[in-house]
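[1] Attaching a predicted model along with its sequence, questions to come.
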Amino acid sequence: MDEQGVKVKNPWHRPVVIFLAAVIIVGIIIMVAISVVQNKPLHQKYKYGIVLDAGSSHTSVFIYEWPAEKENNTGMVRQKHTCNVQGKGISSYSANPQGAGASLQLCMEEAKQKIPAHRHPETPVYLGATAGMRLLRMENEEASDKVLDSVAHSLKSYPFSYQGARIISGQEEGAFGWITVNYLSKNLRKPTGTLGALDLGGASTQITFVPQQNIESYDNSIDFRLYGNDYHLYTHSFLCYGQDQALKLSMGKKLESTLKADETDPTELRDPCFHPGYNFTRTVPNVFNTPCMKEMKLANETFFHVGLGNWSQCQQSIRKVFNTINCPYSRCSFNGVFQPSVYGDFGAFSAFFFVMDFLNLTSDNLATTKQKLAAYCSTPWKKIVENHPNIKEKYLSEYCFSATYILTLLEDGYKFTSNNWKDIRFIKKIGDSDAGWTLGYMLNLTNMIPAEAPDTSLMPYGGYVTFMFLFSLLILVLLLLVYFYFRRSTRTAQKDII
Ligand SMILES: Nc1ccn([C@@H]2O[C@H](COP(=O)(O)OP(=O)(O)OP(=O)(O)O)[C@@H](O)[C@H]2O)c(=O)n1
Ligand SMILES: [Ca+2]
């Protein structure tokens, strides 16, 4: 009897092999089941964040949402809801600070409805105030503190996680606007170029982009490291150069020269930036009630604001609010502010979009834009009102000025030309989310954009499951093959023995 014969005759042999095979198979099944369940994306849990944009002209409440387990990936946060606070911006409540906090109630109640109640305590709420509050602080710091206290007090009364109410700086406003548009365009993890950001508000305007030239002034330079890439940004915020303040600056200059000349009585301000036939009685303090202009010693004088509707004269008058004489650097935009040459594509949002979209000027070349605008400005005021019966007359009367201001700011101020005009995209939203500083502000404060690229799984979830399934199937087949091979050789051996 040989050795093989002894093994085959062992009565324990078959049950042991079957038992071992069963244990291995069950083990594999358990292993696959555990790893599949462990790695299964959790049931989509959403997190929320609230940012209040307390602008000079109005306040908006933005609610953002994102899948909890993907918060460090680019482009995952989206705007779930916005609410426009009724009335003017919080800086208009300087004489009645309590009113500022109270004005937020309706929108904050809406936020409570939109966000699931069990998420309220962990939902951060931030308020950032921009140029209107910067101006109020310059004028009357006590009043601006009271307004901020009032909105803070109001926000703390909600079940969310209050994270502060403050006046953000012009640099922050510019930089976070840039982060928002590039995050939403998913530019941040790719080697492709970034999108510059142009923001026009009521009281200030921001320009932010990655320049090709060296940044000569420290104040205009911001560095970020996002997803493992370094970004060296140029940014500047011009206080008083939002469209409402620029209108005051421009009217103030015209008024000063008219009043000095003392041509007519009562004074008539003949304004090329308003439509022919437009005639409105205003008071002098109404134009000069801003720290953007030196006080005029003129009393409550009234004047007639009379429209002329002449685009090129309007542009001439607007040019006077840009000081282009002094530049202590190799090149400047205006008012002695350093600016490298504009480079790359730009997203122009907020009032840049509202105005150019209203006038259907978002997709023409520069020459056609000017022609269309000239025709619009010279249209009689009566006709304009007839054509747009549902638009508030104050807004309607100012579109000729605003669009001329926008062209002058972009061309004479920032030095865009007819060649790179097409690089400016007038946008309101990217995907579901508004372009503006609020999203970038929240991403930054919640650390949702990591400095280094987060580790990514080697293969997508579906691929992983398929791989595990095929791999276990392969092991199973191999085991069966071994088993049958073993059985056959055993039988052959038994036959041989018999
Ligand atoms: N549909 C709209 C909404 C706003 N506006 C005007 O656009 C300007 C700027 O609006 P916005 O960007 O909201 O400015 P704020 O954020 O309020 O001001 P800032 O950023 O300077 O604080 C204001 O003059 C406002 O009257 C407009 O013409 N059409
Ligand atoms: Ca704004």
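    That came through, no problem. Numbering: from 1, shown residues only. Ligands and ions are numbered 1, 2, ... in the order given.

[2] Any idea how many residues pack against the residue in the stretch 51-200 of the chain that ligand 1 sits nearest to?
    Here the residue of the stretch 51-200 of the chain nearest ligand 1 is Gly55; by CB to the nearest ligand atom that distance is 2.3 Å. All C-beta spots, glycine's among them, are computed from the backbone N, C-alpha and C. The tally of other residues near Gly55 (other CB atoms under 10 Å) stands at 28.

[3] right, and it touches Gly132 too?
    Yes - at 6.4 Å, Gly55 counts as touching Gly132 under the criterion of CB atoms under 8 Å.

[4] Next, show the common contact partners of the two.
    In terms of CB atoms under 8 Å, 6 or more residues apart in numbering, Gly55 and Gly132 are both contacted by the residues Gly89, Gly202, Ala203.

[5] closest to ligand 2 among these?
    Nearest to ligand 2 out of the shared contacts of Gly55 and Gly132 is Gly202 (CB to the ion; 7.3 Å).

[6] Contact partners for the closest one?
    By CB under 8 Å, 6+ apart, Gly202 lies in contact with Gly55, Ser56, Ser57, Gly89, Ala131, Gly132, Gly242, Gln243, Asp244, Gln245, Ala351.

[7] hmm, try it at 7 Å
    Applying CB atoms under 7 Å, 6 or more residues apart in numbering to Gly202 gives the contacts Gly55, Ser56, Ser57, Gly132, Gly242, Gln243, Asp244.

[8] what does the stretch 51-200 of the chain have sitting close to ligand 2?
    For the stretch 51-200 of the chain, the residues in contact with ligand 2 (CB under 5 Å from the ion) are Gly55.

[9] the strands in the stretch 51-200 of the chain, which residues?
    Ranges of strands in the stretch 51-200 of the chain, per DSSP state E, counting those that start in this stretch, are 59-67, 78-84, 124-129, 161-167, 196-200.

[10] Restrict the third one to CA atoms and write it as CSV.
    Coordinates of each C-alpha in strand 124-129 appear next as CSV, following Å, rounded to 0.1, in the frame of the first residue of the first chain:
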residue,chain,number,x,y,z
PRO,A,124,-24.2,78.4,10.7
VAL,A,125,-25.6,81.8,10.0
TYR,A,126,-23.3,84.7,8.9
LEU,A,127,-24.1,88.3,8.1
GLY,A,128,-21.7,90.4,6.0
ALA,A,129,-22.3,94.1,5.4
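
[11] Quick one: residues in contact with that strand.
    Against strand 124-129 from outside (CB under 7 Å, 6+ apart): 49-54, 90, 151, 155, 160-168, 441-442, 445-446.

[12] Mind listing what's buried along the longest strand along the chain?
    For the chain, the strand with the greatest residue count under DSSP state E is strand 229-239. The neighbour-count check on strand 229-239 (16 or more other CB atoms under 10 Å) flags Asn229, Tyr231, Leu233, Tyr234, Thr235, His236, Ser237, Phe238, Leu239 as buried.

[13] same check, this time on stretch 273-286
    Buried-residue list, stretch 273-286, by 16+ other CB under 10 Å: Cys273, Phe274, His275, Pro276, Gly277, Tyr278, Phe280, Val284.

[14] Could you list which of those belong to helices?
    Val284 (DSSP state H).

[15] Throw the buried residues of stretch 273-286 into CSV and include pLDDT, thanks.
    Output for the buried residues of stretch 273-286, formatted as CSV (pLDDT from 0 to 100):
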residue, pLDDT
Cys273, 98
Phe274, 98
His275, 98
Pro276, 98
Gly277, 98
Tyr278, 98
Phe280, 97
Val284, 89
